[in-house]
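> mind looking at a prediction? Sequence and model below.
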Amino acid sequence: MFQKKTLSMAVAMAAAFGAALPAFAQEDQVEEIVVTGIRGSLQQALDVKREKTQIVDAIVAEDIGKFPDNNVIEALQRVTGVQVTNRGSGETSGISIRGLTDINTTVNGRNIFTASGLSVALQDVPASLIKQVDVYKTRSASQIENGIAGSVDIKTQRPFDFDGSKVVLAARAINQEQADKTDPNISGLASNRWETDAGEFGALVNLSYARTNYRDQSVTAGAMVPFATNNPVAPFTNYERIFLDKGGVAENPIWTPGLLDGLPDAPGSTLNVNGKPMEYILGRDAIFASDFTGERERTAANVSFQYAPNDSSEYLFEAFYNGYRNESFNSLLFSFADWWGEYANNAAAANVKLHEGTNIVKSRSVLFPYMFTSGDLTTGQTDSYVYALGGNWDIGENLKVKSELVYQDSTFESDFFAMRFDKVGYQLDVDFNSGGGLPAFGFPDNPATASVNESDLTDTVAWNTADLYDNANKNDGDATTFTTDATLTTDFGIFSSFDFGVRIDQRSAAEAFSTQSKYNNSVAIENMDGLAYINSGFFDGESDVPTSWAAANGYYIRSNADEFRSIYGLSKLALLESFNIDELTTSAYVTGKFESQIAGRDIDGEIGFRYTGSETDMEFTDRANGDVSDASSDTSKVLPSLMVRYHWTDDLISRFAYTETLRRPGFAQLNSNIIYNEDVTNIGYGTAGGGNPDLKPVESQNFDLSLEWYFGEGSSLYGTLFQRDIEGFVIDFRRQVQAQKPDGSGIGTYVLSQPYNASNGQLKGAELGAVWFPQNLPWYLDGFGIQASYTSLESEQTTPMTDSAGNITGSKKTSLFGVSDESYSVVLAYEKEKIGARLSYAWRSKFLNNYEAALFANPLEVWRKPESSLDLQITYDVTDQISLTLDGTNLTEEIYQSYYGDNSTTGNFGSALYSRTFALGARFSF
C-alpha cells in the first residue's frame, strides 16, 4: 500500500529543508516513498534506518494526518531502545532512549523548548501534524550537541511534499473511561502549489485541536519512621514515634534519616537511647489517597510557504503555534498514622502486626488520628511561537549552501489555590499492604458516640477549615538562532564531500513566582454553599479504601479567590522574579564523508568535529529579602565523531560509531537562591533546596556497534551493542544547616540539598529488533506481519555518601535513574485490502525512579514496578478518500506501583490507577 515517485533536485531539497543536517542529496534524483498503510509506514521507517549514516530508528505516519497513536510518546514505545513512563492525566509523558532521559528535541531540525526549559514536552506536539519522527541514537557533528541520551527530530508536512492540491480532515472522539467523558480531537490540513513565471510557490496550513478530560486515582502508604515497641526504654512509651531529638540532643540525634539503605529492618534492631539499647519497629507516618481530575486543551497551528524561483535555489517561511490550557483538581484524603498517646496503658489496642521476619509494620490501628482533606486547583497555560525564514542555494556544481534565521518565544503561567479541611478522627484501621502492594484503610465508628458516623467522610459538619495556599508562577523563554550549513562535493582521496557550518543561538530565560499561606478554622463549611466537593467511586473497587470524602471545592475557591484571601487576611501578591538568564551558544562543525572498499565490499562513513561554547550571565533574586546577586560561566568543548558503515552484502550492513555528547544544566538548576521549608511532620528539622551556578555540562563518550540484515521487502533483523561512559552526573548533596525561618520567628534547622557534578556512571547494553511480513502465506494468514524489539541494559553510577555536615564519607554504586534492565515490545500487524490493524504490547522491567526526601527511615531509593501497556488500532478504508478508525490504549488497565528499596512487599509505596481510552474516528482526504 505504497507507491514510489521520483522528484527533481529542487523538490527533494525542499522536502528536507529545515533539518539540522545539511539537507542536500548526493544524487541528482531522490526516490521518495509516499506512504499509505501500516506496511508502507514500516517499510519507509526501515529505509530511513538503512540509508542514514548514523544509527537511527524512525516512525512514519501511515497516511497524511494519521499518526498511529494518541501522541508521539505512545508511538515511540515501539521503537527499539525506547522506554516510556509517567502515564497520567490521560496520556504518557516520559521517554528515555536506552535508559537515559536527557533527549534533545527538534522540529524540522530546529531546537525547540517550552518557556524557561531546555526542551519541549513531546506530548505537546500534536500527532496529526507529524509526518515522521527520527530517533537518533548516534549523532553527526553537524547535529545539535545537547542531550546525552540521543535526539528526536519531528518532521512536519510541507507544500512541496505533495504533487498539487491536498486537503485532509480528521476527527476522533476519545472516551476516557475513568473520567467518563468523551473528548474531541480534530485536525485539518490544506496545501497547494502553483507554477508561475516567477517560479513555483507552495502554501500549507495545518490546524489541530484536542481536549482531554482525565481522572487518575492513587493510594499511598506513607514514609517509614521508627517507633518504640510495647517494651520501650524511658522516656519513651508504648509505640511512641521516635523523633530525632528525644532521648538524645539535636546535635547528636539518636537515628539518622535519609540513609541509602534506610534503618535496619531485621527483628530486634535497636537504637541507643540514653546509653541503653531499645528495640524499634518501622511504621508508616501516614496513609493517603488522591483523586486527581482535570481537563486539558491543546491547540496547534502550522503554516509553511515554499518558493523555488529556479532549479538552484529555494526559500522557506514557517510558523508554528502551540497552545496548552490545563485545569486540574486534586481531592486529597490524608491521615497520619503515627499517634501513640492512647497506648501508654493499653498497648494491645494498637493491633500492631509486623511483616514476617522483619521489624516493619504491616497493619495497625491508630486512635484519634489527625487527618485532613485538601482541595487543590492548579491552572496552567502555555503559548509558544516559532518563526523560521531561510533558503538553500546551489553555488556552482559542487557547493550547496543553506541558511536559516529562527525566532521563538514561549511563556508558561500557572497558579495553585488550595484549602484544607481537618479534624481529629476516632480511629484509623490500616493495612499498609493488604495484598499485591495495595494498601487498605478505613475509619470505624466510635461505639461510645453512636450519633456520630465516623466512617462517613462526606459529613461536612465534622470537618473544620484549615490552611489556605495561594501560589503562582510565570516562566518565560525566547531565542534567536542563526544557522548556515554547506556541502562541498569533492574528489579528495577517499572523501566524497565535506560538510561545514555554524550555529549561533542567543537564549534568555526567566522565572517569577509568588507564594503565601495562612490558617483559619472559623469558616462554617456547611453554611457556604459550593465550598465542599464530594467525590464518588474512588479507586474502582481495586482495594478496600474510602470511596468518597468531602474536600474543598478547588473550582469554587479559585473562582472566588479574592473573597477567600480576605477571609484569611491575605491579599493577592505580585510575582517576584526568581532568576533571569542570558546565554550565548556558538557552535561550528566540519565533517567529511568517505567511501572506499575493503575485501571487495563497500565501506563508507563520516568523520567530524564540533566545537561548542556557551557564555551564561545569571541574575538571581533572593526570595526572603529581595537582594539581587549575579554570576556567570563560560564553557567550551570540542566533540569528535566517527561513523563507519561496512556493506558485507547488498542486504547485510554493519556500523561502528564513536561520538561525544553533552548535557547542559537546566536554567533552574543554576539558581543559587535557597528556599527553606518548615518541618511539617514534626521530624525535628525542615528541608531546603537551591541550585548551583557553578554546574558544568555532563559529558558522555559513546560507542555503538550494529549489524542489520534486510532480508525482504519491508522486513529486517537488526541488533546493536552500545556503551555510554558518562562524567559529571548532577546529583544532590545534602547537609544540615542553621538558617532564619521563613516566617522570621527565629533560627531553624534544615537539611539543605544542592546539585553538584559529583557522580560518574556507565550504561551499556544490547538491542534486538525485527520487522517481518512473511511472503506466500495461506490466504487466511496473508497480510499478517510482526514488529518486535528487545533491549537489555546494565547501568551504574558512583554516588558519594555524606555525613550531616555534607562531608563525603564514602561512595556506593547505584543504578541510573529511569533505567530498566529489560524492555520489549511486540506488534502484531495486519493489512489486507481495506483493513489495517495493529495490536501492540510494550513492557519494561522495574527501574529506579527517584530518591525520597532525606527525612525518613525507609531506604532512600524509590523504585517503580514493571510496567506494561496493551494498545489496539484498527483502520477501515471505506473509499480511497474516506477511512474510519477504532483505537484503544491501556486496554488491560494496569495499576502502576512504586516501592522503597529492594523489597516491594514490605516497602510498598504508591499504587496508581489510570484510565483506558477508546476512540472512534474518521479521516477525509481529497
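Now that the structure is in, tell me what you want to look at.

> residues contacting Pro859?
Shown in contact with Pro859 (CB atoms under 8 Å, 6 or more residues apart in numbering): Leu259, Leu260, Asp261, Gly262, Glu852, Tyr900, Gly901, Asp902, Gly907. Quick note: C-beta positions are derived from backbone N, CA and C, even for glycine.

> residue contacts, the third one?
By CB under 8 Å, 6+ apart, the contact set of Asp261 is Pro859, Leu860, Gly901.

> and the second one, backbone torsions?
Right, the one you point to is Leu860. phi -70, psi -30 (degrees, to the nearest 10).

> how far away is it from Leu282?
To Leu282, Leu860 is 14 Å away according to CB to CB, to the nearest Å.

> on that earlier part again, and of the contacts of Asp261, the nearest to Pro742?
Leu860 (25.6 Å; CB to CB).

> ok so, going back, which of the contacts of Pro859 are buried, as a ChimeraX select command?
Applied in ChimeraX, the following selects the buried portion of these according to 16 or more other CB atoms under 10 Å:
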select :259,262,852,900,901,907
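
> circling back: can you pick out the residue with more neighbours from Leu860 and Leu282?
Leu282 (25 against 21; other CB atoms under 10 Å).

> identify the bridge partners of that one.
On the basis of DSSP bridges, Leu282 is bridged to Pro226, Ile360.

> just list the residues touching the nearest residue to Met371 once chain neighbours are set aside, thanks.
The shortest distance from Met371 to any non-neighbouring residue, by CB to CB, 6 or more residues apart in numbering, is to Ser335 (4.0 Å). With contact set as CB under 8 Å, 6+ apart, Ser335 has these partners: Ala286, Ile287, Phe288, Val366, Pro369, Tyr370, Met371, Gly425, Leu428, Val430, Phe441, Phe443.

> phi and psi next, for the fourth one.
As for Val366, its main-chain torsions (degrees, to the nearest 10) stand at phi -130, psi 120.

> residues touching it, list them.
Ser335, Phe336, Ala337, Asp338, Trp339, Ala350, Gln427, Leu428, Val430.

> most neighbours out of those residues, which is it?
Busiest of these [other CB under 10 Å] is Val430, holding 27 neighbours.

> that one: what secondary structure?
The three-state label given to Val430 by DSSP: H, G, I helix; E, B strand; the rest coil is strand.

> can the contacts of Pro859 go into JSON lines with extra columns for secondary structure, distance to Gln83 and pLDDT?
Shown next, in JSON lines, are those (DSSP: H, G, I helix; E, B strand; the rest coil; distance: CB to CB, whole Å; pLDDT from 0 to 100):
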{"residue": "Leu259", "secondary structure": "coil", "distance to Gln83": "29", "pLDDT": "86"}
{"residue": "Leu260", "secondary structure": "coil", "distance to Gln83": "24", "pLDDT": "85"}
{"residue": "Asp261", "secondary structure": "coil", "distance to Gln83": "26", "pLDDT": "90"}
{"residue": "Gly262", "secondary structure": "coil", "distance to Gln83": "27", "pLDDT": "93"}
{"residue": "Glu852", "secondary structure": "coil", "distance to Gln83": "22", "pLDDT": "88"}
{"residue": "Tyr900", "secondary structure": "strand", "distance to Gln83": "22", "pLDDT": "96"}
{"residue": "Gly901", "secondary structure": "coil", "distance to Gln83": "22", "pLDDT": "92"}
{"residue": "Asp902", "secondary structure": "coil", "distance to Gln83": "21", "pLDDT": "88"}
{"residue": "Gly907", "secondary structure": "coil", "distance to Gln83": "23", "pLDDT": "94"}
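
> in the protein, which residue is closest to the centre?
Computing the C-alpha centroid of the chain and ranking residues by CA atoms, centre = their mean puts Gly94 first, at 3.0 Å.

> and it, backbone torsions?
Here Gly94 shows phi and psi, under degrees, to the nearest 10, equal to phi -120, psi 140.

> per-residue confidence for it?
pLDDT for Gly94: 78.

> which helix or strand contains Phe113?
When secondary structure is defined by DSSP states H and E, Phe113 falls outside every helix and strand.

> gap between Gln787 and Leu707?
Using CB to CB, Gln787 is found at 18 Å from Leu707.

> between those two, which one's more packed in?
Applying other CB under 10 Å to Gln787 and Leu707 shows that Gln787 carries more neighbours, namely 23 against 15.

> now do the contacts for that one.
Residues in contact with Gln787, defined by CB under 8 Å, 6+ apart, are Leu42, Arg78, Ala770, Val771, Trp772, Ser825, Val826, Val827, Ala829.

> the second one - nearest residue in space that isn't next to it in sequence?
The one in question is Arg78. Ser825 (4.8 Å).

> same check on the first one?
The shortest distance from Leu42 to any residue that is not its chain neighbour, by CB to CB, 6+ apart, is 5.4 Å, and that residue is Val771.

> would you check that the one you found makes contact with Leu46?
Yes: the pair Val771 / Leu46 is scored as a contact, 6.2 Å apart, by CB atoms under 8 Å.

> settle it for me: which of the two has more neighbours?
Applying other CB under 10 Å to Val771 and Leu46 shows that Val771 carries more neighbours, namely 24 against 21.

> distance check, that one against Gly712.
Val771 is 10 Å from Gly712, by CB to CB.

> same question, Asn673
60 Å.

> pLDDT below threshold where in the stretch 551-700 of the chain?
679-684 (pLDDT under 70).

> hey, where'd the helices end up in it?
Ranges of helices in the stretch 551-700 of the chain, per DSSP state H, counting those that start in this stretch, are 554-559, 561-567.

> using the three-state scheme, assign Leu46.
helix.

> between Asn673 and Gly712, which one's more packed in?
Asn673 (16 against 13).

> how far away is the more buried one from Ala512?
For Asn673, the distance to Ala512 - CB to CB - is 12 Å.

> what do those two both touch?
With CB under 8 Å, 6+ apart as the test, Asn673 and Ala512 both reach Ser578.

> measure Thr379 to Arg158 for me?
Taking CB to CB, one finds Thr379 at 35 Å from Arg158.

> same drill for those two, tell me which one is more crowded.
The neighbour comparison of Thr379 against Arg158 (other CB under 10 Å) goes to Arg158, with 26 against 18.

> on that earlier part again, pretty sure the residue nearest to the centre of the chain is touching Asn86, no?
Yes: using CB under 8 Å as the test, Gly94 is close enough to Asn86 to be in contact (3.3 Å).

> quick check, pLDDT for Val84.
For Val84, pLDDT reads 78.

> shouldn't it be in contact with Glu91?
No: the pair Val84 / Glu91 is not scored as a contact, 10.4 Å apart, by CB under 8 Å.

> wait, doesn't Ala853 sit right on Thr687?
Yes: Ala853 lies in contact with Thr687 (CB under 8 Å); the separation is 6.3 Å.

> who does Gly199 form a beta bridge with?
Residues in beta-bridge contact with Gly199 (DSSP bridges): Thr196.

> quick one: contacts for Glu91?
So Glu91 contacts Asn70, Asn71, Ile73, Glu74, Gln123, Thr212, Tyr214 (CB under 8 Å, 6+ apart).

> ok, Trp843 next?
Ser823, Tyr824, Ser825, Pro866, Glu867, Ser868.

> swap in 10 Å and give it another go.
Neighbour list for Trp843: 77, 83, 820, 822-826, 866-870 [criterion: CB atoms under 10 Å, 6 or more residues apart in numbering].

> okay, those residues in TSV with neighbour count, secondary structure and distance to Val152 next?
Shown next, in TSV, are the contacts of Trp843 (neighbours: other CB atoms under 10 Å; DSSP: H, G, I helix; E, B strand; the rest coil; distance: CB to CB, whole Å):
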residue	neighbour count	secondary structure	distance to Val152
Gln77	23	coil	13
Gln83	29	strand	13
Ser820	23	coil	19
Glu822	15	strand	22
Ser823	29	strand	17
Tyr824	18	strand	21
Ser825	24	strand	17
Val826	16	strand	23
Pro866	15	coil	25
Glu867	21	strand	21
Ser868	15	strand	23
Ser869	21	strand	19
Leu870	17	strand	24
